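A.B. asks: This is the structure alone, sequence omitted:
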């Protein structure tokens, strides 16, 4: 028994919390049961983290077989080079890698904080139990992805997360919720199906090789790993395939599998052209956005990239493309955040920029940098979304223009928002500072010895994108600071009075305490990371053994320190105070943030063809079918009653029924007498 | 209870219940309650025996290869053919048999508020159970054809019971009569050309099939027969019209009479009895698979009536099922049968929920039912479970089947499998549109105000939870049941392999 065996508890406790919530009689009891499950999950996750640190670099994993059956027939129409596994085996379990341990502890912490806030914010809402259960299911899906020992479990968790998130968004009572939930789910499902196809592809191409390796290692006294989709088994096969040592597998296979994985990760992280995810996620009701945004938007995609990183590095051109897409997304989202006036959307766009910046780390070859960024990003996004929902829901401060009065009447809440935005920008060493510095180091001096280098052009694009995104987020931070500290109210006295009334009457409960804790952790995640770097955190998070993947570059550190400061100063000094009376109507932003484009794509690619099919069915196929049916009916008319005439069950019908029953009974009697064995008689 | 008569009991207890229902009086509410209860007990008794059979056999997966428990009694031996009363279960049919018997209690519960033609309705309902369980349990081709034909008239009558159901009932009657005629023609041709006198499945799966053009004609006729029953494109109209015009429980019944039985026939008869010709039909099968999936998915997205949307979604699922059949591997065929089993549960559940909203809302168009189920959390949950299972979301019964279909098919038909995955995305949009329209869309500006309907309760709620519970149980414990099915499909795949051309050489696929 080892500490990492607590991983089973991490996996199962969220579901246990959901089960326990059904045993309670009150809404609050149900919510408490779910939160209790999350507390226990967090404790177990910390134990796993401690165990992973103690055992590092050794990785402990365990799997329970879900399905297993022998495959005996040679497949039809398959190329002769296809080597299928003789046993189809998939399982569910955990792999306590350092990355998984770090991410799972962060995610469980973010979920716990979010759930606590939901419980406080929606305490009198009838949807409270269902929202809490959905967040627990979301956490279960995310933990399943993060702790997955193999690709099959990633598919399970990925699908579950998308469904839970869409159901959460659908629970909102705002107008147009159904459309938004559909957009989010269809986008997520695109990634999920891509991941499913990648899994199938990888299974068909590599499971046989994994099994062959496992069989050969049995003779050497090594416990074989029979699961064809196990990551640690696949990593060595992928490396061998890259060197042409795997029969029937070449560069095209690896690239295709990697592209499918990248599509899934892009849909999970809301990277161009799927960035419409973020506008949808933020529609989750109340503080559930504080769970949905960090878990669905940041953790899942990051974890997927970290787990399949060995494949991405051996597939040609995948990392540079990922870098370009992610850095462009980071800049676009940060640029949109700079112009945004609504608080919730600002939180969503900032979160999107952070998630994309994290992916840039993977694209630049520094998976440890990406993970380090993501760890801070999850906490920052969680507290940012939680604060935004607290401001807009409880205090009615839904635009930046209303921050002015809030600065005077609810300063703590505004400071929480400013702190979260500062952590997002990585100002003066807090929040995402360390992760940003690590990723930028990879751009400036390469990812490190033995790690994949995406090339100078990708490094240039990635580095510039990361700097620009960080700078724009810092400008946004400065602009929001100015909007808040100016204290300007609406010129309409009634509106100003209403705003003051809302602010003075608000009862946020213990939300502020929860958000303070969250913000403290988010800020410290950056500060604590610096000594962590010194003590080998980079090596711990690195997928490459015995190499410190977090390069330490003084230029990168300086740039990461100075640019956010400069950006904040510019934002504070240059941008005018937000006019409270000016409405924001910018349709082009809907196109850039992907929501309008996603709607249009769904409508054009599926909606219009769907209408065309419905039209063809009604105008062509049904008349043809009717003609055929009428022709047959005229030929063999059974005197069916007309449609306007009720079907009656008269004497003749009864007689006919009796006759039919008599014939049936007669046949049965005949069979029974002639062949008693036929009816089971002795 | 001797195990060899358990299948006869499963098949014929509903017939006895039907006879009982027909003679019971229905003058008062109490008497009508007795009729319902008799029907319910008939179906529950069948289910109970099916549970014993399922648990007794699935525990030993190797038993899935040969029919167990087998009852083989000689019957008609004095003609130029032999027809035996042979019942048995194996990996191909046991799960489907269980699924059908499990759905019937839910159907009776969903019919609890039936008001008209009491005895006829329940008697016909029970008669269809005899037909479906008989078709699934039999091990004789002629007996299968009889059971295959048996539900046509009851189904047509039941559909005609609905408002505006006359035309749809007529369509069910003619299209399925043609389907039965095609099957009988195929059997007759097979009998005449092969020289076999017996129609025992086990024997037919070991002798040489009909070769050449007659073999191909047999296969085409069978494809038409089972494809029509599966409601694949372009033979889907009887099903779509039937589901939209029939009362809700009858629509549920149609959903288990179509795809599950057609898929079983496709695997059991077409692949196992005529493998050489089936291989020749692989390209049409794949084309039909894709067209059915995309047509169904797009029609679901474009339709305006909730029941039609559900019907088209179920039509679309026939696409992946056909792909699994056409891949000819034990994994993909097991996936196709698994999907048929999942449809046996999810189809009725979807129609139960959507029918409940439409019936109570008093409208047929989605636009007039916007957010009608907004205050019905039980209906929402049941819909979410059924829709997620249809889309292949993990931990529900549809996922293992879909995964097996894709894994098994990818080896043989990579591009078609990839296109199928895209088709699933189209289907996702259709399913989500229906769900968001009925349950979530609060923006009423697009349509008139609709009163929110009452939530599921009483018999309807129990029926829904019976089906939803089974979807969850079989989704989570799929590993316990899948090997049994695979052992059954192993023999079919082996037979196909023996007629398959040599694999293409390596190269060009790296």
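C.D. replies: Here it is on my side, so go on. Values in this document were obtained by computation on a predicted structure and should not be read as measured data.

A.B. asks: What is whichever strand or helix holds residue A:196 packed up against?
C.D. replies: Assigned by DSSP states H and E, residue A:196 belongs to helix A:177-218. Secondary-structure packing of helix A:177-218 (3 or more CB pairs under 8 Å, 6 or more residues apart in numbering or on different chains; DSSP states H and E): helix A:151-170, helix A:231-242, helix A:251-269, helix A:276-281, helix A:595-602, helix B:398-412, helix B:414-435. The C-beta positions use only the backbone N, C-alpha and C, and glycine is treated the same way.

A.B. asks: what's next to the fifth one, contact-wise?
C.D. replies: Going back to what we said before, that points to helix A:595-602. With contact meaning CB atoms under 8 Å, 6 or more residues apart in numbering or on different chains, helix A:595-602 is reached by A:179, A:182-183, A:186-187, A:273-274, A:276, A:279-280, A:587, A:590-591, B:429.

A.B. asks: which two from those residues end up farthest apart in space?
C.D. replies: Spatially, the most separated pair among those is A:587 and B:429, at 24.1 Å (CB to CB).

A.B. asks: pretty sure residue B:297 is in a helix, no?
C.D. replies: Yes: assigned with DSSP: H, G, I helix; E, B strand; the rest coil, residue B:297 falls within a helix.

A.B. asks: could you measure it against residue B:244, distance?
C.D. replies: Computed as CB to CB, to the nearest Å, the residue B:297 to residue B:244 distance reads 17 Å.

A.B. asks: Comparing those two, which shows the higher neighbour count?
C.D. replies: Between residue B:297 and residue B:244, residue B:297 has the larger neighbour count (other CB atoms under 10 Å in any protein chain shown), namely 30 against 23.

A.B. asks: Which other helices and strands does the lengthiest helix in chain B contact?
C.D. replies: Looking across chain B with DSSP state H, the single longest helix is helix B:330-361. When contacts are defined as 3+ CB pairs under 8 Å, 6+ apart, helix B:330-361 packs onto helix B:94-110, helix B:248-257, helix B:259-265, helix B:306-327, helix B:377-391, helix B:398-412, helix B:458-476, helix B:478-499.

A.B. asks: In terms of helices and strands, where is the residue nearest to residue B:122 when sequence neighbours are not counted?
C.D. replies: The shortest distance from residue B:122 to any non-neighbouring residue, by CB to CB, 6 or more residues apart in numbering or on different chains, is to residue B:39 (4.3 Å). Secondary structure from DSSP H and E places residue B:39 in helix B:29-58.

A.B. asks: and the angle from that helix to helix B:458-476?
C.D. replies: Taking axes from the mean of the first three to the mean of the last three CA atoms, to 10 degrees, one finds that helix B:29-58 is oriented at 10 degrees with respect to helix B:458-476.

A.B. asks: to the chain's geometric centre, what's the distance from helix B:29-58?
C.D. replies: How far helix B:29-58 lies from its chain's middle: 20 Å, per CA atoms, centre = their mean, to the nearest Å.

A.B. asks: hmm, the helix or strand just after that helix in reach of chain A?
C.D. replies: Going down the chain from helix B:29-58, the next helix or strand is strand B:68-76, by DSSP H and E. Yes: in terms of CB under 8 Å from any CB of the partner chain, part of strand B:68-76 sits within range of chain A, namely B:71, B:73-75.

A.B. asks: Adding mean neighbour count and mean pLDDT, write the helices and strands packed on helix A:177-218 out as TSV.
C.D. replies: Listed next are the helices and strands packed on helix A:177-218 as TSV, based on neighbours: other CB atoms under 10 Å in any protein chain shown; pLDDT from 0 to 100:
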stretch	mean neighbour count	mean pLDDT
helix A:151-170	27	92
helix A:231-242	20	84
helix A:251-269	24	91
helix A:276-281	28	82
helix A:595-602	19	82
helix B:398-412	28	91
helix B:414-435	23	92
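
A.B. asks: and whichever strand or helix holds residue A:347 with helix A:595-602, angle?
C.D. replies: Per DSSP H and E, residue A:347 falls inside helix A:343-363. Angle, helix A:343-363 to helix A:595-602, by the same axes, to 10 degrees: 70 degrees.

A.B. asks: what's the residue nearest to residue A:258 when sequence neighbours are not counted in contact with, if anything?
C.D. replies: Once flanking residues are discounted, residue A:258 sits nearest to residue A:315: 3.4 Å by CB to CB, 6+ apart. Residue A:315 makes contacts with A:251, A:254-255, A:257-259, as judged by CB under 8 Å, 6+ apart.

A.B. asks: ok, 10 Å please
C.D. replies: Counting by CB atoms under 10 Å, 6 or more residues apart in numbering or on different chains, residue A:315 touches A:238, A:242, A:251-259, A:261-262, A:308, A:452.

A.B. asks: and of those, the nearest to residue A:330?
C.D. replies: For the contacts of residue A:315, the residue nearest residue A:330 by CB to CB is residue A:262; the value is 16.0 Å.

A.B. asks: distance of the closest one from residue B:430?
C.D. replies: The gap separating residue A:262 from residue B:430 is 27 Å, by CB to CB.

A.B. asks: what comes up buried for stretch B:465-475?
C.D. replies: B:465-468, B:470-472, B:474-475 (16 or more other CB atoms under 10 Å in any protein chain shown).

A.B. asks: Would it count as contacting chain A?
C.D. replies: No: figure legend: stretch B:465-475 not in contact with chain A (CB under 10 Å from any CB of the partner chain); closest approach 10.7 Å.

A.B. asks: Could you check how far residue A:48 is from residue A:372?
C.D. replies: Here the criterion is CB to CB. By it, residue A:48 lies 18 Å from residue A:372.

A.B. asks: let me redo that: residue B:405
C.D. replies: Residue B:405 sits 40 Å away from residue A:372, taking CB to CB as the criterion.

A.B. asks: repeat for residue A:366
C.D. replies: Distance, residue A:366 to residue A:372, using CB to CB: 9 Å.

A.B. asks: ok, residue A:68 touching residue A:228?
C.D. replies: No: shown here, residue A:68 and residue A:228 do not form a contact pair, counting by CB atoms under 10 Å, at 11.2 Å.

A.B. asks: Can you work out which residues contact both of the two?
C.D. replies: Common neighbours of residue A:68 and residue A:228 (CB under 10 Å, 6+ apart) are A:87-90.

A.B. asks: Let me see the mean pLDDT of the helix holding residue A:347.
C.D. replies: For helix A:343-363, mean pLDDT rounds to 91.

A.B. asks: Over to stretch A:386-397?
C.D. replies: Mean predicted lDDT for stretch A:386-397 stands at 88.

A.B. asks: again, but for stretch B:160-169
C.D. replies: The average pLDDT within stretch B:160-169 is 84.

A.B. asks: just how off-centre is it within its chain?
C.D. replies: Centroid displacement of stretch B:160-169 relative to its chain, using CA atoms, centre = their mean, is 21 Å.

A.B. asks: Are it and chain A in contact anywhere?
C.D. replies: Yes: using CB under 10 Å from any CB, we find that stretch B:160-169 touches chain A at B:160-161, B:163-169.

A.B. asks: Buried among the residues you listed? Make that a PyMOL selection.
C.D. replies: Only the buried entries of the residues of stretch B:160-169 next to chain A go into this PyMOL selection, using 16+ other CB under 10 Å:
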select buried, chain B and resi 160+161+165+166+167+168+169
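
A.B. asks: which two from the residues of stretch B:160-169 next to chain A end up farthest apart in space?
C.D. replies: Farthest-apart pair in the residues of stretch B:160-169 next to chain A is B:161 and B:167; separation 13.1 Å (CB to CB).

A.B. asks: Isn't residue A:393 up against residue A:287?
C.D. replies: Yes: assessed by CB under 10 Å, residue A:393 is found in contact with residue A:287 at 7.9 Å.
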